[in-house]
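Visitor: no sequence for this one, just the structure:
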């Protein structure tokens, strides 16, 4: 399986996402924001960072990059798409996911290992988790507060489109402790924490077993491979 990772001006975690794809057993394909070519990939990752310096709104300018027209068409056709942090912001700005992300409640940048609960295991990026699993994924953002109008929140909750929820602490003031959501079909997922930073022992969050041994993020990428094989 070939999973594309798109680099935008200001992307920081594209190489990390490519490594995560490789560790999961797929072939990472580097894609450039200024092109109109997805190079035949089977899935797409929009990585974290500060695309276009986060000017205007985080992800707003990137959502109009040339390659995003292809991403939108592919996503609407059912291709698995994962938006991580800045990538999540792009997905909301491109209207591929509902809601939006605003400045953290306390107005400061947050960097921490964050506990999450997996609320939906029926998406292309979570199908290898157990329902209700509690995982630890690194988080780093300044504008990660998820918001939506009351009707949208009720729909997301009622239809199972809340995929991840913050545990123990809500780091950015997100409504209903929402850390990540999906579209109705489940092929598109966005979240603020960074699963690509929890894919390799020695470099992930601390666990009860050992320091830096957390690899909960790897399951995102093995889930995508499983979804593609099963399609």
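Guide: Thanks, I have the structure now. Computed from a predicted structure; not experimentally measured.

Visitor: how about stretch 129-136: buried residues?
Guide: 129, 135, 136 (16 or more other Cβ atoms under 10 Å). For every residue, glycine as well, the C-beta is placed using N, CA and C.

Visitor: out of the residues you listed, which one sits closest to residue 158?
Guide: Checking the buried residues of stretch 129-136 against residue 158 with Cβ to Cβ, the nearest one is residue 129 at 21.1 Å.

Visitor: did I read that right, residue 92 in a strand?
Guide: No: counting by DSSP: H, G, I helix; E, B strand; the rest coil, residue 92 is not found in a strand; it is helix.

Visitor: And the nearest residue to it once chain neighbours are set aside, how far from residue 35?
Guide: Closest residue to residue 92 apart from its sequence neighbours, by Cβ to Cβ, 6 or more residues apart in numbering: residue 100 at 5.0 Å. Using Cβ to Cβ, to the nearest Å, residue 100 is found at 27 Å from residue 35.

Visitor: higher neighbour count, these two?
Guide: Legend: neighbour count by other Cβ atoms under 10 Å for residue 100 and residue 35, higher for residue 100 (18 against 13).

Visitor: What ranges does this structure have for its helices?
Guide: Using DSSP state H, the helices of the chain run over 14-24, 66-76, 86-93, 150-158, 218-230.

Visitor: on contacts alone, who are the packing partners of the second one?
Guide: Counting contacts by 3 or more Cβ pairs under 8 Å, 6 or more residues apart in numbering; DSSP states H and E, the secondary-structure elements packed against helix 66-76 are strand 43-46, strand 81-84.

Visitor: Same question for it: list its buried residues.
Guide: Buried residues in helix 66-76, defined by neighbour count with 16+ other Cβ under 10 Å: 67, 68, 70, 71, 72, 74, 75.

Visitor: Centre-most residue in the protein?
Guide: Per Cα atoms, centre = their mean, the C-alpha nearest to the average position across the chain is that of residue 84, at 2.9 Å.

Visitor: got a list of what the closest residue to that residue other than its chain neighbours touches?
Guide: Nearest residue to residue 84, sequence neighbours excluded (Cβ to Cβ, 6+ apart): residue 48, at 4.9 Å. Residue 48 is in contact with 11, 12, 13, 84, 85, 86, 87, 140, 194, 196, counting by Cβ atoms under 8 Å, 6 or more residues apart in numbering.

Visitor: Could you do residue 4 as well?
Guide: The contact partners of residue 4, by Cβ under 8 Å, 6+ apart, come to 28, 29, 30, 31, 38, 39, 41, 43, 44, 45.
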